[in-house]
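Engineer: Model the structure of this input:
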Amino acid sequence: MIIRNSVLHSRRAGIITAFGLACGVAVHTLYCGLGIATLISQSATLFMALKYIGAAYLIYIGFKALRSKGYADMKVVSETDVQQSTYSGYRAWRDGFFTNLLNPKATMFFLALFTQIIKPDTPAIMVALYGLSASAVTIIWFSSVASVLNQRHIRRAFLKFAGWIDKICGVFMIGLGIRLAISKIG
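Structural biologist: This next block holds a predicted model:
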């Protein structure tokens, strides 16, 4: 999502998307801090439902990527040009937020990590610090990625090969979704 929004729209869109991803991280931290992670890890039905929703989401993204025609015909605009786009800051944030929130890998990561470090007696301030730290790292890393990818020569090369990259990623996402759906966890 960071790559798409940075290259296709602007550095600003990529950075706003990074903030959306960070807000998704905050939600993952919140449910772990509230003990929901423990409930999910102990409820096979709830865990399986999340697993299948995540798998379906990956497969959906994969099929969308396979149908992509890429961006090779797009004109690369420089940072000084005014880019006419209907892609709003809210939409960039929303894309980042839901990409992270619905990402089964993120859910699995936070379940695995925070069920080990967050216990029922963990002070709320520590849970908040974990969440703020994870969100800050997300913003710093993905904002950096957005800034690098928005360099004119990198952007041009990416746009040239975007169709192939989308198709390869689509196959990978579908495979990952199928693997997640049929995997036995636990």
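
Engineer: Please go through this protein and pick out the longest helix.
Structural biologist: For the chain, the helix that runs over the most residues, judged by DSSP state H, is helix 152-182.

Engineer: Tell me where the model's unsure across the protein.
Structural biologist: Applying pLDDT under 70 to the chain picks out residues 37, 41, 71-86, 115-116, 120, 185-186.

Engineer: That one: helices as residue ranges?
Structural biologist: Counting by DSSP H, the chain has helices at residues 2-8, 11-33, 36-42, 44-66, 89-101, 104-117, 124-149, 152-182.

Engineer: Output the ones you listed as TSV; include the columns mean neighbour count.
Structural biologist: The way it works is simple: take the backbone N, C-alpha and C, and place the C-beta from them, glycine included. TSV is the format used below for the helices of the chain (neighbours: other Cβ atoms under 10 Å):
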stretch	mean neighbour count
helix 2-8	23
helix 11-33	22
helix 36-42	16
helix 44-66	16
helix 89-101	19
helix 104-117	16
helix 124-149	16
helix 152-182	15
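
Engineer: Pull the contacting residues for the residue nearest to residue 162 when sequence neighbours are not counted.
Structural biologist: Of all residues not flanking residue 162 in the chain, residue 70 sits nearest, at 4.0 Å (Cβ to Cβ, 6 or more residues apart in numbering). Applying Cβ atoms under 8 Å, 6 or more residues apart in numbering, we find residue 70 in contact with 159, 161, 162, 163, 164, 165, 166.

Engineer: and stretch 36-53, how far from the chain's centre?
Structural biologist: Its chain's C-alpha centre and that of stretch 36-53 lie 20 Å apart, by Cα atoms, centre = their mean, to the nearest Å.
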